[in-house]
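Engineer: The sequence and its predicted three-dimensional model are supplied below.
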Amino acid sequence: MSTPSNPAPGSSSAETAGAAQPAAPPGSIILEMREITKEFPGVKALSDVSMAVRRGEVHAICGENGAGKSTLMKVLSGVHPAGTYDGEIHFEGKLCEFNNIRDSEHAGIVIIHQELALIPEMSIAENIFLGNETAKGGVIDWLSTRVKARELLARVGLEEEPDTKIRDIGVGKQQLVEIAKALSKDVKLLILDEPTAALNEGDSQHLLDLIAGLRSKGVTCIMISHKLNEIEQIADSITIIRDGKSIETLRVKEDGVDENRIIRGMVGRDLESRFPDHTPDIGEVFFEVKNWTVRHPSVPDRLVAKHSDFFVRRGEIVGFAGLMGAGRTELMRSLFGRSYGTYVEGTIIKDGKELRLRTVADAIDAGLAYVTEDRKTLGLNLLDDIKRTTVSARLQRITKGFVVDEREEYNYAESYRKSLRTKAPNVDEGVGKLSGGNQQKVVLAKWLFTEPDLLILDEPTRGIDVGAKFEIYGIIQRMASEGKGVILVSSELPELIGLSDRIYTIAEGAVTGVLSREEADQESLMRLMTRRTHGGSAETTPTSSRESA
Amino acid sequence: MDKVKKIFGGDTRQLGMIFALVALIIFFQIWTGGLTLTPDNVINIFQQNSYILVLAIGMVLVIIAGHIDLSVGSVAAFVGICVAIAMRDWNLSWWMGILLGLAIGALVGAWQGLWTAYVGIPAFIVTLSGMLLFRGANQYVGKSNSVPVSEDFQVIGGGYLPEIGPNTGYNNLTVLIGLLLAVGIVVGAVRSRRALVKLGAEVEDAWIMWVRLGLICAAIIGATLLFGSGRPGTSFPISGIILAVLVLLYGFISNRTVIGRHIYAVGGNRHAAELSGVKSKKVNFLVMMNMSILAALAGMIFVARSTASGPSDGVGWELDAIAAVFIGGAAVTGGVGTVVGSIVGGLVMAVLNNGLQLQGIGADATQMIKGLVLLVAVAFDVYNKSQGRASLIGMMMRNFRRGNDDDTSATPPPSAATETSSVSETIRQSS
């Protein structure tokens, strides 16, 4: 299974608990991709992309969504087999032609995808050695599997028993298991696609430290990330890809790269401001929530919202800050027609009248709209097209009797496509084919079509590239200018501070404070977000951050 | 290719199926020496398969919503025996019998819908149970005997349009219906085009519309003459008319009504649908209930055609209906499928069955061929999806054009750049 030129001692994957020692000096080129061109029917995803990765560095790849980063990594890892693309890949000085992932893994290239590929019902040890089992004649040697798993877990700093099931550990730890799995495969080049996208700050930092640790042991890393601060922190080099072309490779230290420099490369221009100009025009209070209390759907003695009070004024953008698992999503969804948890007590008052919203349909009728954080599993029917999606949340607006007026459907969808500048050839295009940013615009169109008075946006820019973010910020501000109330839930504090007129903080299901635009900065918010509440269960399970899904 | 696409509209998957059906008919017409497209035979095909096609209409909605219904054959048989006995013992008239049958179907459907939608048992289990339950109920109620039905009831399964008006050599009513249908389609198309122009929306070129309408009208008139020129006393069968009405009705419901949109939404992504205000339980309930009502209708059509209800009616129907739906392009995972596609899928199976029978191929070989056709049709779909390409026809047309290009390689057409890219892609795929 090992290649003849493999410099690592002991090619068996079983013995890689010790670090792979590079024979060649650090700093030499380990991987070179030359003039990679990849076409899909009708689209040129990559054209003449070249990049070189030096041994023992963390090499970041930056680019907007749809720029071709993932396609490039799929070419490298053999997902797109040799022959389906033009250009050459040289790894450790040899021309490589991978036909599948197995080939690239044998060469020492391991990719960890954005969506974790672990099996929840199997144990950590089973997952680590899945497809690579320590076995004699097809019979698994459980003892040595566990021993080796334990060694690997120690290397990634994960204190869990190898027999623990994946579903019982949090997503941060799952990411570490993925890395342990990669290490078990004698990895020389580790590719991480958005490794911290689903992690909270603590877990992200731990992961970045681990990557730095691997680097010091000679493992080369390629990392794709949208979190520019993390890239700035950890990367040695950055290759920027734009519109399927490699634009430039920056050396972080030598070139003195900062976030603005990366953004300039990604969008091809300077963004003078990360946020569009907006002068708030704030009216009277029209939406008020009092003493809102909700139980967890399956753990009855846990409250996901505790006696929360807040209000929204017309034309106001109200931010909600909180750590992962603080209960922001749970709170918003419970307000939106009790679509999460079990209602205990509390009132919703809108325009002076108390509302009883028992179903999502009630909430939509009352003028509420909720844009979910989880676009693909909760926000869109990916099989549907743009025009049908646009009208789907309030079909009765364009129906006569029970019949949908297809002309009106087309007209509305088309006008939203134009006003939100959704990039699609026409409104018959399937939403599954759009990029993340454009999918999000379709979701926004769907909710704007319901003509809401209060728009609740849950992580509206998650997984969206810089250019589309700017446009979505503009849309949010336009809604506020039209006199709607906007609730903005976000994990990105700069985004909250840049857009919100007022920011509530939430911790463990309770509102812990409220800051005006002038008072809010990252430190004051963080202090309120981590404030302990009284009377609640203080412990949060590792999986609590995922339970909203 | 683009022009062909334009003429037949955007749905290339459905287009592929229709072409496959036409190719199959032509193949059997040649192979059987002209026995396929005779009036008697096409009438026969419709009468023999109308109940399966009625089931396919309900089944496609069930499958779009992400479920399956295994009980339709048993439900059809149960309703058939109930109606036959009720009409015999209580002297019900034919229309009261039909109403009773539909009511029993609705009750059965409510039972299955309740378990599926509100209790949350997978439809596979609920209807597997229903398959046993209602098969047993059929034999219990009928004491495993055959029960004949009255002659006026038999019309819905074995009847024809009456002969009226002057003797033209054709069945006048059939011809009249065909003409009205053709005129209706032309008027409807012209009207909707005019409305679109008024709204300032993009419209297709006029010639595309007229070519399409011409082809549709030619097909309708051809079929009309075929059905109308059979033996005196035969014409377009009543069961075919019932089917046609259902296709129009359910095609409209699935595409243009709120409940139809909600079925697709629930099947495509239930959670997203619920967060858009769709009441998914209600949708699931209605879909399952509707299926049983249509199963009841299918059972009655069958009983009417075979003049009696028996203990083994409807055995295996669920599989024929499910096969029709999947050949017609529905996805196992839900969210995808069309009523018209399922009918075309059902007709593919029907024509295949009929043609093999005409050639004297045995039931054993026929079953094997049908099984393989189902597998190949769906495999083709899956393959095309994984390659991100359109359809059978798309590939045929591309290969066809490649042949052309080779012949005239000295003078490449102006659009050679785009063409060669797709051609090279094809070569790569086929190698």
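Structural biologist: Noted; the coordinates are in hand.
Engineer: going forward, measure contacts between C-alpha atoms and count neighbours the same way
Structural biologist: Noted.
Engineer: Can you pull the residues of the stretch 151-300 of chain B lying near chain A?
Structural biologist: Contacts of the stretch 151-300 of chain B with chain A, taken as C-alpha under 8 Å from any C-alpha of the partner chain, map to B:196, B:256-259, B:261, B:265, B:268-269, B:271-278.
Engineer: count of residues packed around the closest residue to A:D301 other than its chain neighbours?
Structural biologist: The shortest distance from A:D301 to any non-neighbouring residue, by C-alpha to C-alpha, 6 or more residues apart in numbering or on different chains, is to A:R295 (7.1 Å). By other C-alpha atoms under 10 Å in any protein chain shown, 21 other residues sit near A:R295.
Engineer: looking at it, A:R295 is touching A:E330, isn't it?
Structural biologist: No: between A:R295 and A:E330 there is no contact under C-alpha atoms under 8 Å: 9.7 Å.
Engineer: Pull up the overlap in contacts between the two.
Structural biologist: Residues within reach of A:R295 and of A:E330 at once, by C-alpha atoms under 8 Å, 6 or more residues apart in numbering or on different chains, are A:304-305, A:341.
Engineer: tell me which residues in stretch A:327-334 are buried?
Structural biologist: Along stretch A:327-334, these residues count as buried under the neighbour rule (16 or more other C-alpha atoms under 10 Å in any protein chain shown): A:327-334.
Engineer: With stretch A:149-169 instead?
Structural biologist: A:149-153, A:155-157, A:162, A:165-169.
Engineer: Quick check: end-to-end length of that stretch?
Structural biologist: With C-alpha to C-alpha, to the nearest Å as the measure, the ends of stretch A:149-169 fall 16 Å from one another.
Engineer: now the helices for the stretch 151-300 of chain B?
Structural biologist: Along the stretch 151-300 of chain B, the stretches classed as helices by DSSP state H, counting those that start in this stretch are B:151-158, B:172-199, B:206-228, B:238-256, B:258-268, B:270-274, B:280-306.
Engineer: Which stretch among those helices approaches A:E126 most closely?
Structural biologist: A:E126 lies closest, by C-alpha to C-alpha, to one member of those: helix B:270-274, at 31.1 Å.
Engineer: Does anything pack onto the closest one? Which helices or strands?
Structural biologist: Applying 3 or more C-alpha pairs under 8 Å, 6 or more residues apart in numbering or on different chains; DSSP states H and E, one finds that helix B:270-274 contacts helix B:258-268, helix B:280-306.
Engineer: hang on, the earlier thing: looking at the helices of the stretch 151-300 of chain B, which one is packed in the most?
Structural biologist: Compared across the helices of the stretch 151-300 of chain B, helix B:280-306 shows the largest average neighbour count, a mean of 26 (mean count of other C-alpha atoms under 10 Å in any protein chain shown).
Engineer: Compute the inter-axis angle for that one and helix B:151-158.
Structural biologist: 110 degrees (axes from the mean of the first three to the mean of the last three C-alpha atoms, to 10 degrees).
Engineer: and A:A326, how far is that from B:I361?
Structural biologist: Per C-alpha to C-alpha, A:A326 is found 69 Å from B:I361.
Engineer: try A:G513
Structural biologist: Distance, A:G513 to B:I361, by C-alpha to C-alpha: 80 Å.
Engineer: Mind checking which of those two has more residues around it?
Structural biologist: Each of A:G513 and B:I361 has its neighbours counted (other C-alpha under 10 Å); A:G513 has more, 17 against 13.
Engineer: my read: that one touches A:I506, true?
Structural biologist: Yes: counting by C-alpha under 8 Å, A:G513 does reach A:I506; the two are 7.4 Å apart.
Engineer: Spell out which residues are contacts of both of those two.
Structural biologist: A:L528.
Engineer: what about A:D277, which SS state?
Structural biologist: coil (DSSP: H, G, I helix; E, B strand; the rest coil).
Engineer: repeat for A:E133
Structural biologist: Applying three-state DSSP: A:E133 is coil.
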